[in-house]
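Structure of the sequence below:
(one chain, ligands or ions: 1)
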Amino acid sequence: MKGFGAQQKSKKKSNKKTKLSKEQIINQAIQFHSQGNIQEAAKYYQYCINQGFNDPKVFSNYGIILQNLGKSQEAEISYRKAIELKPDFANAHSNLGNILRDLGKLQDAELSYRKAIEVKPDFANAHSNLGVLLTDLGKSQEAEISYRKAIEIKPDYGDAHYNLGNILRDLGKLKEAFDCYLKAIDINPKLSIIYGSITRFLKNSDLSQLNKLKLKNILNILLERNDVSHNKLFKTFNFLYRNELIYYLEKLDSDFSNTNLLVNKKVIINALKKITIKDIRLEKLLTNTRKYLCNKITKNKEEISYSELQLIIALGEQCFLNEYVYYLTEEEKATLKIIIKRCQDNELSESNISILSCYCPLYKLLDQIPSLTSFNSSDQSFKELIELQITEPLKEIELSKNIKKLGSIKDDISQKVKSQYEENPYPRWRYGSHQTNQKISIIQAINNDINPNYIRQNIDNNQLKVLIAGCGTGQHILDTQRYKNTQITGIDLSVSSLSYAQRKINELGIDNVELIQMDILEVGLLKERFDIIESSGVLHHMNDPLKGLQALLSVLKSNGFLILGLYSELARQNIIEARNYINSKKLQANEDNIRNFRQKVISGELNNLNSLKNGGDFYSLSECRDLCFHAQEHRFTINQLAETLKSNELKFLGFLLPKPVKSLYKQYFPEDKKQINLQNWAKFEEKYPNTFAGMYQFWVSKGE
Ligand SMILES: C[S@@+](CC[C@H](N)C(=O)[O-])C[C@H]1O[C@@H](n2cnc3c(N)ncnc32)[C@H](O)[C@@H]1O
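Numbers count the residues shown, from 1 in each chain. Purely as a prediction, here's the structure:
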C-alpha cells in the first residue's frame, strides 16, 4: 500500500500530496474507528503496523477489530504486542482479558483483568469485565463485589448495573436484581439486550417479591416494544392484571356498556394483542365474550360502539395468536355463516370483518370475500389487524415460492410430520429479541450454557458455519443471533414454517441466514460441514432419531459442537396418558378434534389429564397439537442418552438448566464440579422428575 496522502480537497489547490505525519495517520485511524468506519480504520491500523509505527494504541485498537471479526488468535497477538510496547497499558490488558475469555482461557483472562486493575485501579470497565469473568468461573460473590466497585467508580455505568442485576438474580436476590435492571434501563434505555433479559427474568422469578408498581411500569414498557418475546410475560401479566381482567369481563357479561372501562386499560388491550393468554378462567371468559359479541353483531340490533370494536380487534389478535384454539358452538358456526353472507352482499364493515377475525384468519376468507382486500378504514387498530391477518400471511405465501428446496422427502414419518407443520407451523410468535450488538463468541455462548463446565477454544474462529436442523418458524434462529460472526443455515421439512421464519428474518434485517426445505436424513446434500449444529425438539419426531443424529454428525466438523433438545420419558408421563387417550379414541389431529379434546380437559371430563392445563403448550392450537397429537414422538431416559452419546463417540458437555437447578444439583453431587456426570443426573431426575419438563437440552462435542 502506498502512503496515505492528504484529503481530496487539498488536491485541488496543488497536485502535490501533503504527506500526513505518523501522529496524523494514527489519529485518523482512531477517528475512523470511533465513527464506526471499521473498514477504513482497519486499513489505517494495518498501514501503521506495516510501516513499523510501534504505537500501543494501534495494536490494542486493531485487536478489537480483529476480535470482532472473529480472528481471535490474531487479536490476542495484537493485544500482546500493545502490552509489550506499554506494559502498564490498562486498556490492552483488559482487551486481552476479553479475548482470552472469548477463547475459553478463563484463568488467564482473570489475570489480565486483574493486571488492568492493578495498573489503573479506577478502571470501571475492567472491574465490570472481571465481574463477568468471575461469574463464568462460578465465583458469584466476588463477581458482585467487582460490579459494585465498577458502579462505585462510575455510578452511571449502565452495563455494570445490568451485569450486577444478572449476578444478583443468580444469587436469588430478586428484588435487588430487579432494581439493577431498572436502573440500567433508566441510565441507558437504548441498551436493548436488557429488555430481553428482564423479560426472561420476570418469567423465571417469584413476582410476589417484587414491587408491584415497578412491575406495572416495566410491563407497560415491554408491551409497547416490539423486540421482546411477549409470551414470556404471561406470568407477569396474569400476576398483575388477572383479577382486573376477570372483573371487567364478568361485568361485560351483564352489560356491554362497560366495554370502555376495559378498552381504556391500554396495558390489558396490548397484552391481549401480544401475549397468548394461558389461563383457563380467562379463556372461558374470553370465549364467552367472543360469543356475545358475535351474537350481538349478527342480531345487529344496536350499532357496535367504538370501544366494542377495539375489544373485538384485540380479541381477533388474541385468537390469531392462539390459532383459534377456543371452543366454538354450533350456534356460533351458524352465525358466522350469516356474517360471511353479509360481507359477500357488500355489507363489509369494520365490525363484521373484526368479528370474523376472531374465528378464522382473514386471509383464509379471501376466496369467499374477495372484496376484503379493498376495504379501507381509517382506524389504526383495524389496519393493524388487517396487516396481521391478511398482509403478513400473504407475504409468507409469496415468500414460500422462493424457499430453496433440496432432495426429496421420502420417509413415511417425515411426510406425516411435514404435513403437520405445514398445517400448523410451530410455534406461532409475533415478536422476539435478537442481539444486534453485544454479540458473543460461540465458545463463550456454549460456556454460558454449560456452566460450571467450560471449554477452551478449539474451533477456527473465523466465520463459523451453523446449521439449525428443524428451525421451525424462526424463533430458534433469533437465539443464534447472539453469536458473533456466523453464517447460519436453517433447514426444515415445512415450507410454511420456513416462510414464516423468512418473513420475520426479513423484517428484522437479519442477513446471515439461508433457509432450505429438506429432510435431515438428506443433510449431506448441503455439501457443507458445520462448526455448530443445533437441533431442538426435532430428532424425537423422526422415525429413527438415531439415524437423524448420525446424519447430523456426518456434517459436523471433527472439532464441532452439537446442541440437542430431546423429550424426557420421566417428565412426560401426563403427555403419555393424553396420547393414549387420543389413540384409544382414534382422534385425528384436526382442529375440531383438538378443540373438543381441550374442551373435555377444561370441563374436567378428563380429570386425569388436569395437569395439561398447567403447561403453556396447552393454550394454542399448534402447541397443543405438538404436545398431544403429534404424528411421531420418541422419549428418552438419561441412561439412553448416555449410551447413545457413548456409541457415537460424543462427549457430554452439560445441560442447559436454570441456575437454581444447578445449585440444587451441586448440593447432591458436590464432587461433580463440572456437572457432567450423567449417572448423577439420572438420579437427580428420579428425585425431581419435572427437571426436564422443557426437554433435555445439552451440548456435546465430537471426540475429546
Ligand atoms: C417442535 S418444532 C421445533 C422448531 C424449532 N427448533 C424451535 O425450537 O422453535 C420441530 C420442527 O422440526 C422439523 N422437523 C421434524 N423432522 C424433521 C426432519 N426429518 N427434517 C427436517 N426438519 C424436521 C419440523 O418440521 C418442525 O418445524
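
so what's the residue of the stretch 251-400 of the chain found nearest the ligand up against?
For the stretch 251-400 of the chain and the ligand, the shortest gap (Cβ to the nearest ligand atom) falls at residue 400, measuring 13.9 Å. Where you see a C-beta, it was placed from the backbone N, CA and C, and this is true even at glycine. Taking Cβ atoms under 8 Å, 6 or more residues apart in numbering, we find residue 400 in contact with 495, 496, 498, 499.

Now the residue of the stretch 551-700 of the chain found nearest the ligand: which helix or strand?
Of the stretch 551-700 of the chain, the residue with the smallest distance to the ligand, taken as Cβ to the nearest ligand atom, is residue 626 at 5.5 Å. Per DSSP states H and E, residue 626 falls inside helix 621-628.

Need the pLDDT of the closest residue to the ligand within the stretch 1-150 of the chain.
For the stretch 1-150 of the chain, the nearest residue to the ligand under the criterion Cβ to the nearest ligand atom is residue 70, separated by 24.8 Å. According to the predicted model, the pLDDT of residue 70 comes to 78.

Please state the backbone phi and psi of the residue nearest the centre of the chain?
To find the centre residue of the chain, average its C-alpha atoms and take the closest one (Cα atoms, centre = their mean): that gives residue 479, at 4.5 Å. Its backbone dihedrals place residue 479 at phi -60, psi -40, with angles given as degrees, to the nearest 10.

do the same with residue 404
The phi and psi values for residue 404, taken as degrees, to the nearest 10, are phi -70, psi 140.

now swap in residue 654 and tell me
Recorded main-chain torsions at residue 654 are phi 150, psi 150, according to degrees, to the nearest 10.

roughly how far apart are the residue nearest to it when sequence neighbours are not counted and residue 378?
Closest residue to residue 654 in three dimensions, ignoring its sequence neighbours and counting by Cβ to Cβ, 6 or more residues apart in numbering: residue 450, at 3.1 Å. Residue 450 sits 54 Å away from residue 378, taking Cβ to Cβ, to the nearest Å as the criterion.

With neighbour numbers in mind, choose between these two.
More neighbours surround residue 450 than the other of residue 450 and residue 378, with 22 against 7 (other Cβ atoms under 10 Å).

which residues does the more buried one contact?
Applying Cβ under 8 Å, 6+ apart, one finds that residue 450 lies in contact with 653, 654, 655, 656, 699.

quick one: buried residues of the longest strand along the chain?
Longest strand in the chain by number of residues, with DSSP state E as the criterion: strand 556-566. With burial defined by 16 or more other Cβ atoms under 10 Å, the residues of strand 556-566 counted as buried are 556, 557, 560, 561, 562, 563, 564, 565, 566.

so whichever helix or strand comes after it versus helix 621-628, what angle?
Remark: after strand 556-566, the chain's next helix or strand is helix 573-584, criterion DSSP H and E. Between helix 573-584 and helix 621-628, the angle comes out at 90 degrees (axes from the mean of the first three to the mean of the last three Cα atoms, to 10 degrees).

Contact partners for residue 665?
The contact partners of residue 665, by Cβ under 8 Å, 6+ apart, come to 657, 672, 675, 680, 681, 684.

got it, and residue 537?
By Cβ under 8 Å, 6+ apart, the contact list for residue 537 reads 470, 472, 565, 695.

what's the helix or strand for the nearest residue to the second one once chain neighbours are set aside?
It stands for residue 472. Distances taken as Cβ to Cβ, 6+ apart put residue 497 closest to residue 472, at 5.1 Å, once the chain neighbours are dropped. For residue 497, the enclosing helix or strand under DSSP H and E is helix 495-508.

Let's see that helix as PDB, backbone CA atoms only.
The C-alpha atoms that make up helix 495-508 are tabulated as PDB, following Å, rounded to 0.1, in the frame of the first residue of the first chain:
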ATOM      1  CA  VAL A 495     -42.200 -24.700   3.800                       C
ATOM      2  CA  SER A 496     -44.900 -22.800   5.700                       C
ATOM      3  CA  SER A 497     -42.700 -22.700   8.800                       C
ATOM      4  CA  LEU A 498     -39.800 -21.600   6.700                       C
ATOM      5  CA  SER A 499     -41.800 -18.900   5.000                       C
ATOM      6  CA  TYR A 500     -42.900 -17.600   8.400                       C
ATOM      7  CA  ALA A 501     -39.200 -17.600   9.500                       C
ATOM      8  CA  GLN A 502     -38.200 -15.900   6.300                       C
ATOM      9  CA  ARG A 503     -40.700 -13.100   6.800                       C
ATOM     10  CA  LYS A 504     -39.600 -12.500  10.300                       C
ATOM     11  CA  ILE A 505     -35.900 -12.600   9.300                       C
ATOM     12  CA  ASN A 506     -36.600 -10.000   6.600                       C
ATOM     13  CA  GLU A 507     -38.500  -7.800   8.900                       C
ATOM     14  CA  LEU A 508     -35.700  -7.900  11.500                       C
END
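
Good, wrapping up.
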